[in-house]
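> Mind looking at a prediction? Sequence and model below.
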Amino acid sequence: MVHPSPEVLDTKEIDIRSMSSSHRHSDQAPYMHKVGMPSKQNLLKEIKSTVKETFFSDEPLRPFKDQPRSRKLVLGIQAIFPILEWGRDYNFTKFKGDLIAGLTIASLCIPQDIGYAKLANLPPQYGLYSSFVPPLVYAFMGSSRDIAIGPVAVVSLLLGTLLQDEIDYETHPKEYLRLAFTATFFAGITQASLGLLRLGFLIDFLSHAAVVGFMGGAAVTIALQQLKGFLGIKKFTKHSDIVSVMRSVLTSAHHGWNWQTILIAASFLSFLLFAKLIGKRNKKLFWVPAIAPLISVILSTFFVYITRADKDGVAIVRKIEKGINPSSVNQIYFTGDYLMKGFKIGVVAGMVALTEAVAIGRTFAAKKDYQLDGNKEMVALGTMNVIGSMTSCYVATGSFSRSAVNYMAGCNTAVSNIVMSGVVLLTLELITPLFKYTPNAILASIIITAVIGLIDFDAVILIWKIDKFDFVACMGAFFGVIFISVEIGLLVAVSISFAKILLQVTRPRTALLGKLPLTTVYRNVEQYPDAAKVPGLLIVRVDSAIYFSNSNYIKERILRWLADEEEQLKAKDLQRVDFLIVEMSPVTDIDTSGIHALEELYRSLKKRDIELLLANPGQAVIDKLYASKFTDLIGNDKIFLTVADAVLTCKPKTAVEDV
């Protein structure tokens with residue numbers, strides 16, 4: 001038999017004495033837990049942990065753990081080309097769904113691409129080029145099953161506006177085209193770099209409200225610019241703001257409008273809107289609005305051809321180059337004055353395209369309950385745009401309208417993009433001459449129909465109900481786009497989003513707490529009017545980390561709470577405040593400035609003969625309070641696990657009687 005050592009017996013005796021002592025005093029005071037002191041971490045481990053949570057929170061290397069070298073190689077290739085992973089389980093049943101979806105989105109993308117190329121001030125074939133190569137690249141590298149790749153209205157308009165500010169596309173078409181390819185190249189580099197450096201969280205700084213406002217403003221701007229094609233106006237402003245556009249429309253009303261063009265545009269716009277309404281009311285008829293644009297193009301082209309309406313002033317597409325994408329590697333500006341201009345335009349266009357694509361991908365991934373790797377998406381989108389810039393494409397991204405059709409058509413994998421790309425290839429090789437008599441009016445009607453969906457009235461109403469500052473951001477972006485320009489609207493959206501972050505960081509919320517009846521729970525007295533303040537105590541909760549940016553404000557706000565409370569108590573001739581309790585549960589972190597602010601608060605309270613107590617500081621906070629010796633200043637016995645414990649210590653008789 002093993003006998004316990006004297007040290008063990010001594011320890012047990014101490015534990016027994018402690019237990020008996022706690023039993024003896026259980027009638028006098030309840031047991032209080034002390035605030036836990038975290039174990040010390042070495043600096044290297046702490047830095048490693050911080051970097052991991054910042055850049056590798058999704059643990060991308062987890063699948064490689066404990067795998068043989070050959071398996072790691074396979075997993076590495078599959079990480080770059082996800083098609084090699086899901087392609088092993090691909091079958092004919094999945095292909096049938098992808099085939100139908102691919103054919104459906106192809107019928108939608110062909111007329112849209114021709115129209116979107118015009119938005120970017122590019123010849124129509126470049127829109128089709130951008131729906132051939134980029135979708136193929138994305139199908140091999142992308143992780144979304146539902147996103148449909150190609151040119152989109154907002155990015156096309158943004159790119160066209162920014163390029164036009166540098167080069168006039170009418171007087172210098174070749175230089176304009178080269179700058180477009182250069183911007184596309186740098187857009188791809190920007191997107192891929194964000195993914196490789198795992199900086200995808202940067203796009204989250206553009207708030208949802210700002211995106212809603214920006215998209216809505218861009219939709220209105222795009223729709224207004226289509227009045228040129230819709231009304232048959234030949235001389236039209238190159239500015240995108242609503243004032244310039246409406247002035248151009250009204251000044252040409254007497255001599256510049258063409259009634260045949262208006263008849264064609266209005267007739268097919270009505271048809272497209274009716275088809276969209278059918279698809280909205282009956283989800284099974286999703287294919288009706290999807291094929292309606294192609295039907296409109298075919299019918300309008302045939303009508304113009306047999307009536308020769310082009311001789312009566314109806315503007316037509318005239319010529320689309322036949323054949324697949326020519327190489328454009330030698331057309332990208334890698335030197336010269338246009339290099340930096342292309343870089344700046346590319347960064348802006350790339351970020352907007354990335355924001356739209358990630359938002360679309362996340363939306364449909366949530367509907368099908370699968371995970372979307374944001375950093376992989378960025379690498380895939382960036383790679384396809386870099387390759388696209390070398391194959392006569394301009395910036396491509398995920399299209400919401402086509403992705404929605406792709407989803408409703410029953411796509412299973414990214415093979416639907418390959419099918420769409422194949423149809424575009426056949427169109428480029430065989431059908432493009434048939435678009436010669438396609439009226440510009442029908443392209444205007446198709447674009448107007450497409451961009452209407454970008455104006456999300458429900459989202460705007462919800463934003464107003466939830467957060468008025470978000471609504472200001474939304475409206476700021478919206479009016480910035482329609483009254484000034486697309487880039488200014490984007491700048492306003494980003495500025496207001498950052499302003500909101502700064503405001504929340506520098507002016508965090510604080511609250512006065514009171515005790516809920518028949519409980520030991522302390523809550524905001526404004527949220528719970530029946531929560532009663534404890535006589536002689538002021539309990540304040542800080543709802544933010546305490547950093548250099550807000551530490552002085554928090555200290556002054558607490559002192560103002562105290563001054564207001566003392567004025568009210570003095571007016572009512574009630575007991576003065578003897579204790580100030582700061583509830584620190586929401587305080588996730590604190591820095592040196594925050595510690596200094598607490599020290600100044602402590603000294604200020606001491607002059608007034610008021611004791612400072614802290615309740616439930618978190619791990620990071622308590623660690624820094626000990627490291628800075630603030631606990632020695634305030635006293636370890638002034639830090640409690642809960643507000644109830646602090647109150648009980650300050651006013652034991654009152655607290656016990658209330659309970």
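Received, thanks. Numbers count the residues shown, from 1 in each chain.
> Spell out the residue ranges of the strands in the stretch 101-250 of the chain.
Along the stretch 101-250 of the chain, counting by DSSP state E, counting those that start in this stretch, strands occupy 148-150.
> what does the chain give?
148-150, 397-399, 510-515, 522-524, 537-542, 579-583, 611-615, 639-640 (DSSP state E).
> which residues touch the last one?
Outside strand 639-640, the residues within contact range by CB atoms under 8 Å, 6 or more residues apart in numbering are M32, V35, L613, L614, A615, N616, P617, I622, L625, T631, A646, T649. The C-beta positions use only the backbone N, C-alpha and C, and glycine is treated the same way.
> go with 7 Å
The set of residues external to strand 639-640 that reach it, using CB atoms under 7 Å, 6 or more residues apart in numbering, is V35, L613, L614, A615, P617, T631, A646, T649.
> Rebuild those residues as TSV, extending it with pLDDT.
Formatted as TSV, those follow (pLDDT from 0 to 100):
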residue	pLDDT
V35	74
L613	93
L614	94
A615	92
P617	91
T631	89
A646	90
T649	85
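> Show the buried residues in the residues you listed.
V35, L613, L614, A615, P617, T631, A646, T649 (16 or more other CB atoms under 10 Å).
> from the residues you listed, which is closest to E321?
Distance to E321 across the buried ones among the contacts of strand 639-640 (CB to CB) is lowest for P617, with 68.5 Å.
> in terms of contact, does that closest one touch V542 like I think?
No: applying CB atoms under 7 Å, one finds P617 not in contact with V542, separated by 10.5 Å.
> Mind listing the shared neighbours of these two?
Common neighbours of P617 and V542 (CB under 7 Å, 6+ apart) are M584, V587.
> what's the closest non-adjacent residue to F132?
Distance criterion CB to CB, 6 or more residues apart in numbering; nearest residue to F132, sequence neighbours excluded, is V424 at 4.7 Å.
> Also Y370?
Nearest to Y370 is R145, by CB to CB, 6+ apart, at 7.2 Å.
> In contact with that neighbour, which residues?
By CB under 7 Å, 6+ apart, R145 lies in contact with K368, C411, N412, T413, A414.
> any idea which of the residues you listed is least confident?
Across those, the bottom pLDDT score, 84, is held by K368.
> Chain neighbours aside, what residue packs nearest to V494?
Leaving aside its sequence neighbours, V494 sits nearest to L206 (CB to CB, 6+ apart; 6.2 Å).
> Looks like P293 contacts I446 (just checking).
Yes: counting by CB under 7 Å, P293 touches I446, with 4.7 Å between them.
> What is the burial count for the residue nearest to F132?
Number of residues near V424 (other CB atoms under 10 Å) recorded here: 26.
> do the same with D578
D578 has 15 neighbouring residues, counting by other CB under 10 Å.
> still on that earlier bit, out of the contacts of strand 639-640, which one sits closest to L84?
After measuring the contacts of strand 639-640 against L84 - CB to CB - the closest member comes out as P617, at 49.8 Å.
> check contacts around the closest one.
V35, M584, V587, L625, I639.
> So which of those residues belong to helices?
Under the assignment DSSP state H, the contacts of P617 contribute L625 to helices.
> Dump the contacts of P617 to CSV, plus distance to R402.
Listed next are the contacts of P617 as CSV, based on distance: CB to CB, whole Å:
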residue, distance to R402
V35, 56
M584, 50
V587, 47
L625, 55
I639, 58
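> Please work out which of the strands of the chain is packed deepest.
Comparing the strands of the chain on average neighbours per residue, with mean count of other CB atoms under 10 Å, the densest one is strand 148-150 at a mean of 33.
> So what's the gap between that one and the chain middle?
In terms of CA atoms, centre = their mean, to the nearest Å, the centre of strand 148-150 is set 19 Å apart from its chain centre.
> what's the answer for stretch 609-625, then?
That offset, for stretch 609-625, works out to 35 Å (CA atoms, centre = their mean).
> Now the terminal residues of that stretch, how far apart.
Terminal residues of stretch 609-625 are spaced 22 Å apart (CA to CA, to the nearest Å).
> now stretch 118-125
End-to-end for stretch 118-125, by CA to CA: 10 Å.
> Distance check, T221 against L194.
For T221, the distance to L194 equals 27 Å [CB to CB, to the nearest Å].
> Give me the more crowded residue out of the two.
Shown here are T221 and L194; by other CB under 10 Å, T221 has more neighbours (26 against 23).
> Surely the more buried one and I482 touch.
Yes: using CB under 7 Å, T221 is in contact with I482, at 5.7 Å.
> now do the same end-to-end measure for stretch 300-318.
Start-to-end, stretch 300-318 (CA to CA) is 14 Å.
> Just the buried positions in that stretch, please.
For stretch 300-318, burial by neighbour count (16+ other CB under 10 Å) applies to S300, T301, F303, V304, A309, D310, V314, A315, I316, V317.
> Burial check on the nearest residue to the fourth one once chain neighbours are set aside, number of neighbours?
In other words, V304. Spatial nearest neighbour of V304, chain neighbours left out: Y437 (4.7 Å); criterion: CB to CB, 6+ apart. Counted by other CB under 10 Å, the residues lying close to Y437 total 20.
> Okay, and the beta partners of K515?
On the basis of DSSP bridges, K515 is bridged to Y522, A532.
> quick revisit: from G422, how far out is the residue nearest to V304?
26 Å.
> next one: K276
Noted for K276: a distance of 27 Å to G422, by CB to CB.
> So those two - more neighbours on which side?
Counted by other CB under 10 Å, K276 and G422 do not tie: K276 has more neighbours, with 19 against 16.
> Can you give me the neighbour number for the residue nearest to the more buried one when sequence neighbours are not counted?
With CB to CB, 6+ apart as the criterion, K276 has its nearest non-adjacent residue at 4.5 Å, and that residue is P289. By other CB under 10 Å, 24 other residues sit near P289.
> so what's P289 scoring on pLDDT?
At P289, the pLDDT value in this model is 89.
> that older thread, please name whichever of the contacts of P617 scores lowest on pLDDT.
Lowest pLDDT among these: V35, 74.
> need the contact list for it.
With CB under 7 Å, 6+ apart, V35 has these contacts: N616, P617, I622, I639, F640, L641.
> cool, and K341?
E166, L179.
> So the closest residue to A620 other than its chain neighbours versus F630, what's the distance?
Leaving aside its chain neighbours, A620 sits nearest to D589 (5.0 Å; criterion: CB to CB, 6+ apart). Separation of D589 from F630 (CB to CB) stands at 15 Å.
> what does G87 give?
Using CB to CB, G87 is found at 59 Å from F630.
> More neighbours: these two, which one.
Taking other CB under 10 Å, G87 and F630 do not tie; F630 has more neighbours (20 against 14).
> Tell me the confidence at the more buried one?
Reported pLDDT for F630: 91.
> Name the nearest residue to it, sequence neighbours excluded.
In space, F630 is closest to I595, 5.8 Å off (CB to CB, 6+ apart).
> same deal with P326?
S392 (5.4 Å).
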